[in-house]
Every structure is written in structure tokens, then in C-alpha cells.
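In: dropping the sequence and predicted coords here.
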Amino acid sequence: MGDEKPSATYDAEFIGALIKRFHGYEVDAADATGLVGMLAPVDALAEAASSGVGFDDEPGDFQRVLHAESARATRGSSS
Amino acid sequence: MSAETRLTHLSLVETAEGIASGAFSCEEVTRACLERIEAAQPHLNCFIRIEGEEALETAKAADRARAAGMTLGPLHGVPLAHKDMFYRAGKPSTGGNLIQRDFVPGYTATVMSRLAATGALCLGGLNMSEFASGPVGQNLHYGDCRNPWNTAHAPGGSSSGSGSAVAARLVHGALGSDTGGSVRIPAALCGLVGMKGTQGRVSRYGGMPLSYSLDCFGPLTRTVSDCARLFGIIAGPDPMDATASLEPVEDYEAAVSKPVAGLKIGIDPRHGGIAPSAEVEAAIEAALEIYGDMDVEIVEVAMPDQDELNALSNVITRSEAATLHRKWLRSRRDDYSPQVRRRIEIGLAVPATRYIEALSLRSHHLQRLIDAVFTKCDALILPSVGEASPTLEELDVGDSQALPAMLMRLTGYTRPLNYYGVPALTVPAGFSASGLPLGFQLVGRPFDEAGLFQLAGAFQAATDHHKQAPKIDGVD
């Protein structure tokens, strides 16, 4: 994070247009540039992490793993 | 030390026991706290709102109840105060922001109901980062909260007032919220115990949301036993919150004094790829030596690197926060401070596919953590923050390009754990050369909060870090 390399996904012009068209208000150029500075490194790392998503993966799997791996479950305790 | 100071410096459990035994009254304790709050508030700015008169009336009623032979519960007459984002019907709740300055909810948060049902008093609403967004403790609208160990330094956020007020001995415990470290960071920087439970362990009903998937509510206290008592009261299923887990609640207070010999603590020498300061590293090494002396086995593990986890966590938080705030960003954009607005506004530009990817990958990453770490040990030790508290001035980066690095500096070790959903407990670990508190996290497998209280309790019994109190200029 904090990498200042230019983003292939986000630039200030795109961010400004996106917020105006999708969300119905305008941000000035300085704000748009600032938003790119924060979002681009997060997006790049998230892109790198996203290759593992499978066709049948879904958000609800998290709860299944959380409870399957609970301390109680792994201790085999019924209490 | 005056009699009033002696009362404010008792732990939460000691205070409850003293009231129950008749050693002192609820009114005496409450008056002592209110006098100290009045003296400290100009220096620390812990409170957004002090509810002194009402608290005194409630304390007197609690004394009358006790005189009549009634016990309200394990917090009978104990003065607490909470981050100003937990709703109580008919009472203001600002969320630390301008938009909700006059907001008066019509219903009560489950955590507030549960504390009140056990006899706890509430002395007011505590300062916090605007919209619970920010790890420093700055607040442009209500003024910065300050660290009682050195008022030039940050208390940590976003539960800044909770950390500062409990460390300053103004109240005996406080609740905060933790979406990326907002309980554990102020706990570490103020020298406190702070628990973020497993995702879903504590009901979020009636608390101001920031991120539905990652928000956790938890206590900040001076001792492990205090924390266990508060956590045991607020944890558990809640029909008003469908995301609250049905897993049974264990006896956390009993866990605090259980023996730890034979348990295993994992240490990743790389701490997930983020190097802490030499002082924090030394504090962790010292803690491991203490655990070793208790016949806790120390095992080396390699946890996954934190960078991608931080990014995925950010994708979720920003997307969900932007969804909540979209209406206000459009209509009341100038009512946000620039930094908080920027942090929330980036979520408007995250594609839905990226957001759902981040949610879908959560199970894989949790499984990876369990396989890499929790098949080898009972708990992982990790820094809470990689250094002692920096100054408020040093962290005052506004919405500049320095903002991402500042956020990573404070939340690098905490934010990924919200993504994993696992429990993590910050424990006081000593002091820096400049006299500021240091802390570490004990991280557990899902729903093993009891195991964390057990290990933390043993460490606290062997150390006296938690017994040190800050000397506040103009107060002590």
C-alpha cells in the first residue's frame, strides 16, 4: 500500500465521471486525485488476491468455516 | 492518594465487590468518578456528553435497591461510559459526527440493555472518531481526544474516548466498536485490555454501523477479569440481530484464572510481513519468556502476509460504508471532515464484483490461517500496533497522500483480523522508553475467546503493567 505507481484502473477523470453518473454529485479535481491515491493501491492488491475465487464460492461460505472451525467444534465438546 | 482517587483507581471487579459488600456506596463511587471527569475533561476531552445528574440519581436508586436486599447483577452500581454510538431510547447519540449531532434514537442497543440489566451506570457519551472511522482519535467536530499517558500523543481510535477515559481512571470500563482495530488500537496505545470477539459473538443491534460484515463491539478495561466480565454480559445470541451467533457463551471470568501449562502460543517471526519497532518486538519477546516460565509451549508459525488481507478488508469496509453514507455524501458532503469523507467516498468507486470477491474469499483466507496457525497452537501472539503512540501532530495528515501510509501504520496488524473474523484480545505489555504503553494481541480460533482470556489472565497475574496509572497534568 502507499505505492505511487499510476493505476491502470483509476484516474481522476474516471473517478469524477463515475461519481457524477452513478451517484449524482460532483467532486473537484483535487478530491478525485486524492480518491485515486487511496483506492488504486487497495484495488491492485485486491486484484492480486482475487485469482482464487471459484465458480461456486459465495460469501456465505465464511459463516460455514467460522462455525466449523469454532473452538467448541474442534474440541469435540457439546458444552 | 485521596479516598476519592482510591475509588476511581479500583478495577471494575473490585468496585462491584466493594459495592456488594457495603464497603462503599454506588453514590460514593459515582461522585468520585464525576469529580475526576470534571478535572480531566479540559485536558483529555474524553467525553462528548457527561450525564452527571442522571447518573447520580441512578446510583442513589442502586443504593436504595441494595439496602432493600436487591442485587441488580454483577455490575450493580458500577460507573461505565461508552463510545457515543450505542443507542439508548430517548438519549442523544452523536456517532462523533455533525450530521447526527441532534440524533435521539427511539430504541436501545442490545449491548446497552444488557449492561443496564446487570446494574451498570452510564456516565455519558465518549469521544470517538467521526462515524467510527479513523485509528488516531482526532475529531474535527468535537475536538481531539488525548492520551492520558502524554496529552501530546494519540489515544488511538476510533474508540478514543473509551481508551482514554478508562486509562485515566474516569470510569471503570467502556464499550467501543472495532471494524479494523478500533477497540484494540486505543487499548494498546492507552495500556488497556481490549477484546474484539469472533464476528457475530456480540449483537450489533442498536449500534451505529460502519461495515455490516466487519463491525464488532467489545469492551476496553484495565484488567483481564474486568474485560471478561463485560464481554460475558454482552456476548451471545440476540433475536434482534440475525447475524449474532447462536454459539453458547462460555464462562469467560472463570477462564481468566485457569492454568495455562501445556497450552501453545504461536509466534510468526515476520509478524505477517510487517516489522514492529524494537520496543514492541522486545515486549513480545519478554511476554514469551514469561509464558515459557509457565510451561506454555512457544511454537513458530508462518502466518499469511497481511498486505492483501488489509486490501480485501478495506474493499469491504469502504463499500459497505459508502452504501450507508451515499445519501449524505450527496446531500451533506461538507458536513464530513475531509479525511473521513475521503475514506468513505472511495467505496463509491469499488465495483460490485470486487466487493463480492472480497466477501467470497473470506472463507478461503480464514481456512488458510487456521491451517497455517491454529493447527499448531492455541493462540497467536502479534503486535497490536507496531509502536508506542505517536503524537497527534505527527498523525495529523488530513486527506493528503500520506493518509494510506498513516492508516497502515496504525491498523496493519489489526485490520486483517476483522477480515478473518477471529477473536483478538489486546493485552498491556509494558512501556516504551518514553513512558508510553505498549500492547500485544492474542489471536484465537473462532469462538475461543475463553482461551484468550485464560492466556491473558495468566500473563497479567505475572506482570504489573496494568497496575500503572498515568499521572494527568492538573488532575494528579
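Out: Right, received. Where do you want to start?
In: buried residues in the longest helix that chain B contains, which are they?
Out: Across chain B, the helix with the greatest residue count (assigned by DSSP state H) is helix B:306-331. Going by neighbour count (16 or more other Cβ atoms under 10 Å in any protein chain shown), the buried part of helix B:306-331 is B:306-326, B:328-329. (C-beta placed from N, C-alpha, C; glycine too.)
In: tell me if the following helix or strand past it is near chain A.
Out: Later in the chain than helix B:306-331, the nearest helix or strand by DSSP states H and E is helix B:338-345. Yes. Applying Cβ under 8 Å from any Cβ of the partner chain, one finds helix B:338-345 touching chain A at B:342-343, B:345.
In: so which elements touch the helix or strand just after helix B:338-345?
Out: Reading on from helix B:338-345 to the C-terminus, the next helix or strand found by DSSP H and E is helix B:352-360. The criterion is 3 or more Cβ pairs under 8 Å, 6 or more residues apart in numbering or on different chains; DSSP states H and E, and the helices and strands that helix B:352-360 contacts are helix A:29-49, helix B:306-331.
In: quick one: average pLDDT of helix B:352-360?
Out: Helix B:352-360 carries an average pLDDT of 96.
In: what are the phi and psi values for B:F440?
Out: Geometry field for B:F440 lists phi and psi as phi -130, psi 160, criterion degrees, to the nearest 10.
In: quick one on the thing from earlier: and which of the residues of helix B:338-345 next to chain A is nearest to A:E13?
Out: Set against A:E13, the nearest of these by Cβ to Cβ is B:E345 (16.3 Å).
In: roughly how far apart are the closest one and B:L140?
Out: For B:E345, the distance to B:L140 equals 16 Å [Cβ to Cβ, to the nearest Å].
In: do the same with B:S319
Out: 24 Å.
In: same question, B:P259
Out: Distance from B:P259 to B:L140, by Cβ to Cβ: 49 Å.
In: looking at the two, which is more packed in?
Out: When B:P259 and B:L140 are compared on other Cβ atoms under 10 Å in any protein chain shown, the one with more neighbours turns out to be B:L140, at 16 against 10.
In: contacting residues for the residue lying closest to that one once chain neighbours are set aside?
Out: Among residues not flanking B:L140 along the chain, B:S337 sits closest, at 4.2 Å (Cβ to Cβ, 6 or more residues apart in numbering or on different chains). Applying Cβ atoms under 8 Å, 6 or more residues apart in numbering or on different chains, we find B:S337 in contact with B:130, B:140-141.
In: for B:S337, give me the pLDDT.
Out: We have a pLDDT of 97 for B:S337.
In: now it: phi and psi?
Out: Dihedral pair for B:S337: phi -70, psi 150, per degrees, to the nearest 10.
In: and it, how far from chain A?
Out: Going from B:S337 to chain A by Cβ to the nearest Cβ, to the nearest Å gives 13 Å.
In: cool, B:G421 as well?
Out: Distance from B:G421 to chain A, by Cβ to the nearest Cβ: 5 Å.
In: the residue nearest to that residue when sequence neighbours are not counted: what secondary structure?
Out: Spatial nearest neighbour of B:G421, excluding adjacent residues (Cβ to Cβ, 6+ apart): B:Q199 at 3.6 Å. Here B:Q199 is recorded as coil under DSSP: H, G, I helix; E, B strand; the rest coil.
In: keeping just the C-alphas, turn stretch B:395-405 into CSV.
Out: Taking Å, rounded to 0.1, in the frame of the first residue of the first chain, the C-alpha atoms of stretch B:395-405 are listed here in CSV:
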residue,chain,number,x,y,z
LEU,B,395,-0.5,11.7,12.7
ASP,B,396,-2.4,14.8,11.5
VAL,B,397,-2.1,14.1,7.8
GLY,B,398,-5.6,15.2,6.9
ASP,B,399,-6.7,13.9,3.5
SER,B,400,-3.1,14.2,2.0
GLN,B,401,-1.3,11.5,0.0
ALA,B,402,0.2,10.4,3.3
LEU,B,403,-3.1,9.1,4.6
PRO,B,404,-2.8,5.5,3.3
ALA,B,405,0.6,5.1,4.9
